[in-house]
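J.: Sequence and predicted structure below; questions after.
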Amino acid sequence: MKKIKVNLDKKVSNSYEICVGYDIMDRIGLIIAKNHPAFRYIIVTDSNVSALHGEGLLEKLKGMGLKADMIEFPAGEASKNISTALGIVEKMLKIGADRKSTLLALGGGVVGDITGLIASLYMRSLPYIQIPTTLMAQVDSSIGGKTAVDLPEGKNLLGTFHQPRGVFVDLKFLETLSEAEFNNGLMEVIKYGIIEDAGFFHFLEEHMDRIRKRQSDALERIVENSCRIKKGIVEIDEKDEGLRRVLNFGHTIGHAVEAASEYRMSHGEAVALGMVAAVRISERLHDLPAEDRVRIERLIKSAGLSGHIPKTITLEKILSRLKMDKKKDGSTIHFVLLRKIGMPFINGGVPEMVLHDVMEELRR
Ligand SMILES: NC(=O)c1ccc[n+]([C@@H]2O[C@H](COP(=O)([O-])OP(=O)(O)OC[C@H]3O[C@@H](n4cnc5c(N)ncnc54)[C@H](O)[C@@H]3O)[C@@H](O)[C@H]2O)c1
């Protein structure tokens, strides 16, 4: 099992460890009991993960003589709202949860984000631990302490920063994940290579086949490397005031197209085309070498995603969604663009004509 420390400014948050390994649930139980003692543990999970992995964890904790309960809610982004959060809180009150309790967020990013939010608010905050079960959550959402629920007006509009006490990544969970969900996470992994580490990008080019077959050594390498990159960025910019924005690479256009498709398009497909759009804009406006663009587009394709915008989605719809982006600054949308692989920067605004042309190219 590998351990990666997230070192944070102790005036703001506690530092914590990310533990990564394969088939490590027994050890996770022991470490939680030893290093994170609590009067009561409450597993928060969704309706898919509960049967697949929740019952097992609950039995393990109980088997160690720990007081443990499990609360589940219906799986999916549609559940990531304040009424689900209140439903969980009501169940916690019934169980008798207090500030000596610890929440265990077992699931994907939806479970992690909602559990983190409750942990930051319930009785003015209690500890929580992330046990991510999707690739997306293992490489991204479980690290960094961003918590949120969605509002009808947009995603993640109600949230806090609240760091977990620890993150436990068991790669065995990925064996039950669907291909579409695996691809969602893979896009974040590719993003890390593009924005931060040209050597890692090359590794992905060489080993994409083995990664897609979910061979454990390849998975270990990509998850561990991604966690290191994410934690490095969070350490420098915990509160998303500067550098952390580079993590948004491919997401500005991706989110706009995803929303314009009324969420019929998968998040992975949306981020894939968002990254392709960002590299094409970078080539036009900032001299990204054509060779880098070709390599990025080829890698995304080899991961099974097209990088295209479905013809059924109009450009007007995408552009109007872009203008609603919550990360915009006044009327300017800041795009994360690229000078070369491993060298991103925040651009001060892309002319609408360029946006229009690039997206038209990607519509098939
Ligand atoms: N906090 C952050 O920094 C951050 C970063 C990125 C994304 N996010 C958030 O994360 C969410 C997306 O996360 P996600 O992609 O994990 O989605 P998700 O949590 O909805 O999980 C996707 C699906 O996979 C199922 N699932 C989870 N683990 C499984 C397993 N091991 N086997 C089989 N099925 C499994 C879930 O039940 C769900 O149906 C979004 O709400 C996004 O806003 C947060």
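T.: It's in.

J.: Start from the N-terminal end of the stretch 1-150 of the chain and give the helices.
T.: With helices called from DSSP state H, counting those that start in this stretch, the stretch 1-150 of the chain shows them at 25-35, 47-49, 55-63, 82-95, 109-121, 135-136.

J.: Spell out whether the fourth one and the ligand are in contact.
T.: No: on the criterion C-beta under 6 Å from any ligand atom, helix 82-95 is out of touch with the ligand, staying 11.9 Å away. (Glycine included, C-beta is placed from N, CA and C.)

J.: which other helices and strands contact that helix?
T.: Using 3 or more C-beta pairs under 8 Å, 6 or more residues apart in numbering; DSSP states H and E as the contact criterion, the elements in contact with helix 82-95 are strand 40-46, strand 68-73, helix 109-121, strand 146-151.

J.: Which other helices and strands does the longest one contact?
T.: Put plainly, it is helix 109-121. In this structure, helix 109-121 makes packing contacts with strand 40-46, helix 82-95, strand 101-107, strand 128-132, strand 146-151, strand 154-161, judged by 3+ C-beta pairs under 8 Å, 6+ apart.

J.: what's the answer for the first one, then?
T.: The criterion is 3+ C-beta pairs under 8 Å, 6+ apart, and the helices and strands that strand 40-46 contacts are helix 55-63, strand 68-73, helix 82-95, strand 101-107, helix 109-121.

J.: And for the last one?
T.: Strand 146-151 sits against helix 82-95, helix 109-121, strand 154-161, with contacts defined as 3+ C-beta pairs under 8 Å, 6+ apart.

J.: Sheet partners, orientation included, of that strand?
T.: When sheet partners are counted by DSSP bridges, strand 146-151 sits next to strand 154-161 (antiparallel).

J.: on that earlier part again, need the helices and strands packed on strand 40-46 in TSV with distance to Arg295, can you?
T.: Listed next are the helices and strands packed on strand 40-46 as TSV, based on distance: least, C-beta to C-beta, whole Å:
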stretch	distance to Arg295
helix 55-63	41
strand 68-73	41
helix 82-95	41
strand 101-107	34
helix 109-121	28
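
J.: Tell me which of the ones you listed sits most buried.
T.: Burial of the helices and strands packed on strand 40-46 is given as mean neighbour count (mean count of other C-beta atoms under 10 Å); strand 101-107 ranks first at a mean of 28.

J.: Each with direction, which strands does it pair with?
T.: Those paired with strand 101-107 in the sheet (DSSP bridges) are strand 40-46 (parallel), strand 128-132 (parallel).

J.: how much does that strand deviate in direction from helix 25-35?
T.: Put simply, strand 101-107 runs at 160 degrees to helix 25-35, going by axes from the mean of the first three to the mean of the last three C-alpha atoms, to 10 degrees.

J.: Report the buried residues of stretch 153-169.
T.: Across stretch 153-169, burial judged by 16 or more other C-beta atoms under 10 Å covers Lys155, Gly159, Phe161, His162, Gln163, Pro164, Arg165, Gly166, Val167, Phe168, Val169.

J.: The residue in the stretch 151-300 of the chain that the ligand sits nearest to: neighbouring residues, count only.
T.: Residue of the stretch 151-300 of the chain nearest the ligand, by C-beta to the nearest ligand atom: Thr176 (3.5 Å). Other residues within reach of Thr176, judged by other C-beta atoms under 10 Å, total 12.

J.: Run through the residues that contact it.
T.: The contact partners of Thr176, by C-beta atoms under 8 Å, 6 or more residues apart in numbering, come to Leu52, His53.

J.: Report pLDDT for it.
T.: Looking at Thr176, its pLDDT is 97.

J.: need the helices for the stretch 251-364 of the chain, in chain order.
T.: If DSSP H, counting those that start in this stretch is used as the criterion, the helices of the stretch 251-364 of the chain fall at 251-260, 267-286, 290-302, 315-322, 352-362.

J.: re earlier: could I get the helices and strands packed on strand 40-46 as CSV with mean pLDDT?
T.: Below are the helices and strands packed on strand 40-46 laid out as CSV (pLDDT from 0 to 100):
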stretch, mean pLDDT
helix 55-63, 96
strand 68-73, 98
helix 82-95, 98
strand 101-107, 98
helix 109-121, 98
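
J.: Quick check: which of those is nearest to Asp237?
T.: Nearest to Asp237 among the helices and strands packed on strand 40-46 is helix 109-121 (18.1 Å), distances taken as C-beta to C-beta.

J.: Off-centre distance for that closest one?
T.: 13 Å (C-alpha atoms, centre = their mean, to the nearest Å).

J.: and that helix, C-alpha only, in PDB?
T.: The C-alpha coordinates for helix 109-121 follow below in PDB (Å, rounded to 0.1, in the frame of the first residue of the first chain):
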ATOM      1  CA  GLY A 109     -18.000  11.900  -6.400                       C
ATOM      2  CA  VAL A 110     -21.700  12.400  -5.600                       C
ATOM      3  CA  VAL A 111     -21.400  10.500  -2.300                       C
ATOM      4  CA  GLY A 112     -18.100  12.200  -1.500                       C
ATOM      5  CA  ASP A 113     -19.300  15.800  -2.200                       C
ATOM      6  CA  ILE A 114     -22.600  15.400  -0.300                       C
ATOM      7  CA  THR A 115     -21.000  13.600   2.700                       C
ATOM      8  CA  GLY A 116     -18.300  16.300   2.900                       C
ATOM      9  CA  LEU A 117     -20.900  19.000   2.900                       C
ATOM     10  CA  ILE A 118     -22.800  17.400   5.700                       C
ATOM     11  CA  ALA A 119     -19.600  16.800   7.600                       C
ATOM     12  CA  SER A 120     -18.800  20.500   7.400                       C
ATOM     13  CA  LEU A 121     -22.200  21.500   8.700                       C
END
